[in-house]
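>>> sharing a model that was predicted from the sequence below.
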Amino acid sequence: MQWRGSGFVVLGWWYVVAVVGAVGVLMMAFGDVRWGGRIMAGGLFFGALVRLVARPDRKAGGLNARSRAIDVLLLVGLAIGVLLASATVRLDI
């Protein structure tokens, strides 16, 4: 999954997950922390879904780092962690 001679590796769906994560971070910085966390968690859940259903593995692009089960578990775990952290943060201090 590399363009010939360019040195640029095509990461596929990873770009979508990264952009959604960046939107979540910007939302946290300039908007509502809880909505930013939800957006980030949604991007991570989407990445887990893509990694779970992409066949063959090369269709997952940059989301294909380890075995399928480990990648999906890590992405879902991160999504749940971000979602819980953003939902339980105290904003009234």
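Here it is on my side, so go on.

>>> OK, contacts around the spatially most central residue of the chain?
In the chain, the residue lying closest to the centroid (CA atoms, centre = their mean) is residue 44, at 3.3 Å. Applying CB atoms under 8 Å, 6 or more residues apart in numbering, we find residue 44 in contact with 17, 21, 75-76, 78-79, 82. From N, CA and C alone the C-beta is placed, and that goes for glycine too.

>>> nearest spatial neighbour of it, skipping sequence neighbours?
residue 79 (3.6 Å; CB to CB, 6 or more residues apart in numbering).

>>> right, and that neighbour touches residue 45 too?
Yes. Contact criterion CB atoms under 8 Å: residue 79 and residue 45 qualify, at 4.7 Å.

>>> what touches both of those two?
In contact with both residue 79 and residue 45: no residue, using CB under 8 Å, 6+ apart.

>>> what bits of the chain have low per-residue confidence?
Where the chain drops to pLDDT under 70, the residues are 1-10, 57, 93.

>>> identify the farthest-apart pair in the contacts of residue 44.
The distance between the two most remote of these (CB to CB) is 14.9 Å, for 21 and 76.
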